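Undergrad: sequence below, structure please.
(one chain, ligands or ions: 1)
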Amino acid sequence: MTGVHPEPTCVFRAATLGDVAGLTELIASSARELCNGDYHPAQIEAALQGAWGVDTQLIRDGTYFVGQRGGHLAICGGWSRFTTEFGGDAFAGRRTGTLQPGVDPAKIRAFFVHPDHARFGLASQLLTLCEAQALAAGFTHAELVATIAGARFYASRGYRMLERRPYALPGGLSIDFITMRRALAAPAQGA
Ligand SMILES: CC(C)(COP(=O)(O)OP(=O)(O)OC[C@H]1O[C@@H](n2cnc3c(N)ncnc32)[C@H](O)[C@@H]1OP(=O)(O)O)[C@@H](O)C(=O)NCCC(=O)NCCS
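TA: Numbers count the residues shown, from 1 in each chain. Now for the predicted structure:
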């Protein structure tokens with residue numbers, strides 16, 4: 001048959017420190033285009049100064065991933081066993097603690113899809129991978145701090161909203177993020 005081109009599949013792998021420049025570009029394109037209807041451009045630029053960015057602690061821990069589709073960097077995202085809720089290396093609000101499996105929820109962190117690859121199910125695929133790894137590491141719940149666009153996606157994946165609140169950004173601006181959580185495993189019978 002002619003004229004039929006199947007959609008390219010996405011190949012996921014652990015991110016490396018060599019990916020940081022490409023990831024920084026991907027995060028900026030994703031935020032500028034896909035968060036455009038939810039936030040003012042000035043909020044987006046201020047968030048890109050730190051609140052949204054690459055957290056190399058996750059890359060070093062092997063829990064941050066990239067997905068390549070049709071030869072392009074199409075998505076990044078990961079999970080974390082550290083207490084930092086969001087933000088790249090440049091973010092001032094970082095914390096240093098470690099989460100305890102079975103007690104604390106694992107964090108889902110920094111999912112960004114390139115606009116050319118949005119709504120092809122890539123974030124869903126990567127979230128499934130991250131949740132499975134967090135569960136295998138002993139975490140029974142996952143929690144995240146979502147953008148407004150992110151909240152629509154995570155709600156479709158079973159996360160419930162806990163709180164919406166403003167976070168401070170450089171230049172005296174602020175931005176609303178939404179804390180969300182879901183169980184990764186059904187509780188044992190009788191528990
Ligand atoms: C949020 C984001 C990661 C979703 O990525 P994606 O690969 O397009 O998501 P999926 O294709 O897996 O979407 C799965 C489902 O989530 C929901 N969803 C995803 N994006 C949505 C949107 N913009 N509006 C409404 N629902 C949305 C839909 O139910 C969708 O299923 P459908 O396409 O069959 O209707 C992407 O839009 C993005 O990178 N946004 C900008 C950066 C950002 O805000 N990241 C989140 C940080 S917390």
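
Undergrad: residues from the chain in reach of the ligand?
TA: Contacts of the chain with the ligand, taken as Cβ under 6 Å from any ligand atom, map to 30-31, 34-35, 111-113, 118-124, 146-147, 149-150, 152-153, 156. Using the backbone N, CA and C atoms, a C-beta is placed for each residue, glycine as well.

Undergrad: among these, name the ones in strands.
TA: Judged by DSSP state E, those include F111, F112, V113, A146 as members of strands.

Undergrad: most surrounded residue in the residues you listed?
TA: Among these, the one with the most neighbours (other Cβ atoms under 10 Å) is V113, at 26 neighbours.

Undergrad: that one touches I75, doesn't it?
TA: Yes. Using Cβ atoms under 8 Å, V113 is in contact with I75, at 4.8 Å.

Undergrad: quick one: common contacting residues for the two?
TA: Counting by Cβ atoms under 8 Å, 6 or more residues apart in numbering, the common neighbours of V113 and I75 are L122, A123.

Undergrad: related to what we said a few turns ago, out of the residues of the chain next to the ligand, which are buried?
TA: Buried members of the residues of the chain next to the ligand, scored by 16 or more other Cβ atoms under 10 Å, are 30-31, 34-35, 111-113, 118, 120, 122-123, 146-147, 149-150, 153.

Undergrad: which of the residues you listed has the weakest pLDDT?
TA: For those, the weakest pLDDT value sits at A149, with 92.

Undergrad: tell me the contacts of that one?
TA: L34, C35, D38.

Undergrad: against G78, how distant is it?
TA: Distance of A149 to G78, given as Cβ to Cβ, to the nearest Å: 18 Å.

Undergrad: how about the strands in this protein?
TA: In the chain, the segments counted as strands under DSSP E are 10-14, 64-69, 72-80, 106-113, 141-146, 160-168, 174-183.

Undergrad: which secondary structure elements does the last one contact?
TA: The elements that strand 174-183 packs onto, with contact taken as 3 or more Cβ pairs under 8 Å, 6 or more residues apart in numbering; DSSP states H and E, are helix 41-47, strand 141-146, helix 148-156, strand 160-168.
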